[in-house]
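> Below: sequence and its predicted model.
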Amino acid sequence: MLRSVAVPLIDGVAPFEFGLLCEVFGIDRTEEGVPLVDFRVCGEIPNQPVPTSIRGVSITPEHGFDALQSVDLVALPAARVRDEYPEKLVKALRETDATLLSVCSGAFILGAAGLLDDRNCTTHWREAGQFQARFPKARLDASVLFVDDGNIITSAGTAAGIDACLHLVRRELGTKIANTIARRMVVAPQRDGGQRQFVELPIPECSSDSLEPVLEQVLDTIADNHTVATMAKLAVMSERTFARRFAAETGTTPNKWLSLQRVLHARRLLEETDLDVDTVATRSGFGTAALLRHHFHRVVGIAPSDYRRTFSCR
């Protein structure tokens, strides 16, 4: 059950992510049949204002971190990522028996407490590289909206935090209660945690300039029928030497790099033009709409037409 929730705040907490936790767990909706939750806002020092990530805005918690020991859920909002987190909070997280939920960069606090070692988790895609380098034992999946790993739930960016919270409400209190809260918040009642984050896809970069002219030429002619053989010819290398040098300089294979660049080009065309999917496929070098859909869905997680409806600039 979900009878009590503690939300610990630290310097640099994100007000919106704190607010979504308040919306899901902190508002009295008993008139609509939602059980009342004992909602506790906690800080290192009770009744001392905690500065947020917005200049001139602070939040004053009523409770101390000791309140984390007697609740069903500890929910961690996003906060400024730092080298060290308050020892009192880290210690309280290690000692509590509560279910743990993090929103966005709140996962860094769980990582700092050693609670994500050998656990499935996620965080915002922009912090994924830093997170993985800092917590190599965590099993990070930076492509999904949220991960339910039993007593630890981690989520990606802001909207994914809402999804994770509603998922937990559904798990603990049932679908009817989750739908009631979602309807009041005017959000979708359920998005699967495995749905992809809409990330800004990383583009592998060369560690030296030896292949850069070749990659630039391929990008300028992305619609052409490029292969490993044609790229190796441009680089004046054998295919085997080219593939080995490419992997050493970019950290990926020529085929994977080329497929990603085609998807990125298709994505820009879907955002910025009214070209039909067949034309987008041709101009991206995929040749057919079917091949475009296959690669686009594999990388982005949704169909090209669905992506355009969501992200078109026109």
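On my side now, so go ahead.
> CA atoms for contacts and neighbours, from now on please.
Fine.
> May I have the beta-bridge partners of residue 121?
residue 140 (DSSP bridges).
> Can you give me the neighbour number for residue 275?
When neighbours are counted by other Cα atoms under 10 Å, residue 275 registers 13.
> can you map out the strands along the stretch 201-314 of the chain?
In the stretch 201-314 of the chain, no strands are defined using DSSP state E, counting those that start in this stretch.
> residue ranges of the helices in it, please?
212-220, 228-234, 239-250, 254-272, 277-284, 289-300, 304-311 (DSSP state H, counting those that start in this stretch).
> Quick one, which of those helices gets closest to residue 145.
helix 289-300 (12.8 Å; Cα to Cα).
> List the buried residues of the closest one.
Applying a neighbour-count criterion of 16 or more other Cα atoms under 10 Å, one finds 289, 292-293, 295-296, 299-300 buried in helix 289-300.
> can you check stretch 93-113 too?
Here stretch 93-113 shows 93, 96-113 as buried, counting by 16+ other Cα under 10 Å.
> Now tell me what touches it from outside.
Here stretch 93-113 makes contact (Cα atoms under 8 Å, 6 or more residues apart in numbering) with 17, 68-81, 84-85, 90-91, 115-117, 122-124, 127, 131, 135, 138, 151-158, 160-161.
> Pull up the distance across that stretch, start to finish.
The first and last residues of stretch 93-113 sit 7 Å apart, counting by Cα to Cα, to the nearest Å.
> any idea of the mean pLDDT for it?
On average, the pLDDT along stretch 93-113 is 97.
> Let me know the outermost residue of the chain.
residue 236 (40.5 Å; Cα atoms, centre = their mean).
> from the contacts of stretch 93-113, which ones fall inside helices?
17, 90-91, 131, 158, 160-161 (DSSP state H).
> can you give me the strands in the stretch 1-150 of the chain?
Going by DSSP E, counting those that start in this stretch, the stretch 1-150 of the chain shows strands at 4-8, 38-43, 50-51, 58-59, 63-64, 73-76, 99-102, 120-121, 139-140, 146-148.
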